[in-house]
Structures are given as structure tokens and as C-alpha cells.
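# coords please:
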Amino acid sequence: MDVSFHHNEQLVRPWRMAAFVAAAIAAVELLVLIVVGGALIAKASTATSAKPAQKAAVAKSAAVKSGTSSSGTTVRRTAIPAAHLPRTRVSVVVLNGGSRQGAAAATAARATRRGYRIGGVANAPSSDFTRTLVMYRRGFEGEGRRLARDLGIKIVGPLDGLRVAQLHGSHAIVVLGS
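This is a model prediction of the structure:
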């Protein structure tokens with residue numbers, strides 16, 4: 001009896017190994033099919049959904065330029081806050097963030113001629129600013145935008161990278177670029 005049991009085990013072992021290998025190959029093939037199928041479905045869905053999204057974006061930008069929406073209704077633009085303080089009450093810090101000597105002093109003189117008070121003129125912490133910009137304290141967006149318009153500066157935004165305490169009571173800051 002012992003001999004026949006050993007003989008049966010030898011017959012079963014190759015079939016088990018063959019079944020295991022076949023199952024492993026089938027699992028790998030299934031995984032490859034799932035990945036390829038998912039990629040094809042994703043590509044097809046993004047291709048069909050991108051065109052309407054692009055058309056909507058183009059229609060929206062055209063509507064904003066013309067003042068109407070694609071359905072013909074009027075689009076309201078967000079109003080820029082008006083300046084509440086007169087120029088003589090707005091204090092400005094001018095920082096030279098570029099490499100030109102005397103640029104901050106010259107800009108401060110231009111701002112003074114326009115009626116602004118100068119709270120300080122100095123060099124910026126770094127001299128690698130490529131663009132000139134105006135930043136304003138919270139609540140003084142109108143004053144910051146008016147200052148930028150008066151000086152011909154196109155980039156305007158809220159105070160970023162500086163703390164209010166660093167302004168020494170000023171309402172806006174001009175950082176000059178190269």
C-alpha cells in the first residue's frame with residue numbers, strides 16, 4: 001500500500017505544477033488586458049470630452065470680451081474696488097528688486113509727483129525680480145490698483161511674501177524689476 005500511494009503522488013505533482021503555471025499565465029494576460037483596455041477607454045473619453053470643454057472655454061472668453069454670454073444674457077464683470085483714500089493719504093514703500101542703481105529713488109520721485117506719500121525707499125531682499133509689480137495691504141486694493149495705473153505698472157496683487165509689519169504702516173509697495 002505504501003508503494004501505490006507514492007506512485008499516485010508522482011502522477012499528481014506534474015499536473016498541479018502545470019495547472020499553477022497555466023493559472024499564472026492567465027492572470028498576467030488578464031492584467032495586461034485590463035491595463036490596455038483602461039488606457040483605451042481613458043483616451044477615448046478624454047478625446048470626446050476635451051472638444052466640448054475647449055468650445056465652452058472659447059465661447060466664455062468671447063462672451064466676457066463682448067459682455068454677453070453664449071445664451072445672449074449680459075455677463076457681469078467683477079468691479080474693481082474704488083480707492084477710498086486720496087493719493088495724499090496713501091503711503092507707499094518702493095523697493096529696488098532689479099539691478100539698476102537709483103531706480104527706487106526715481107520711482108519714489110514719480111510717485112511723489114503724483115501725490116503719494118513715500119514710506120520708505122530701499123533695496124528688495126533679492127535683486128532678481130524680472131518684472132515690476134505693486135502689492136497692496138488687505139482693504140486697499142483700490143489704492144494699489146490706482147497706484148499701479150498712475151505709475152504704468154501692469155502687475156498688481158495682494159501683499160505676498162511680506163508681512164504687514166514690514167511695510168511700516170504703508171498701504172502699498174512697489175517692487176521694481178529689471
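# And this protein, what are its domain boundaries?
1-77, 87-176 (automatic domain parsing).
# I'd like these written out as a markdown table, with mean neighbour count added.
(Glycine included, C-beta is placed from N, CA and C.) What follows is these, written out as a markdown table (neighbours: other CB atoms under 10 Å):
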| stretch | mean neighbour count |
| --- | --- |
| domain 1-77 | 10 |
| domain 87-176 | 17 |
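# So which residues of the chain form strands?
Ranges of strands within the chain are 91-96, 117-123, 133-136, 155-158, 172-176, based on DSSP state E.
# and of those strands, who's closest to residue 34?
When those are compared by CB to CB, strand 155-158 sits nearest residue 34, at 47.1 Å.
# what are the pairing partners of the closest one, and which direction each?
Its sheet considered, strand 155-158 pairs with strand 133-136 (parallel) by DSSP bridges.
# Render the CA-only coordinates of the partner strand in CSV, please.
In CSV, the C-alpha atoms belonging to strand 133-136 read as follows (Å, rounded to 0.1, in the frame of the first residue of the first chain):
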residue,chain,number,x,y,z
LEU,A,133,4.8,94.9,-9.5
VAL,A,134,2.5,96.6,-7.0
MET,A,135,1.3,94.8,-3.9
TYR,A,136,-1.3,96.2,-1.6
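# pLDDT on it, on average?
Strand 133-136 shows a mean pLDDT of 94.
# what sits up against that strand?
Strand 133-136 is contacted by residues 143-145, 147-148, 151, 153, 155-160, 162, 171-175, 177 when judged by CB atoms under 8 Å, 6 or more residues apart in numbering.
# quick one on the thing from earlier: next, format the strands of the chain as CSV and append distance to residue 28.
What follows is the strands of the chain, written out as CSV (distance: least, CB to CB, whole Å):
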stretch, distance to residue 28
strand 91-96, 62
strand 117-123, 64
strand 133-136, 57
strand 155-158, 54
strand 172-176, 59
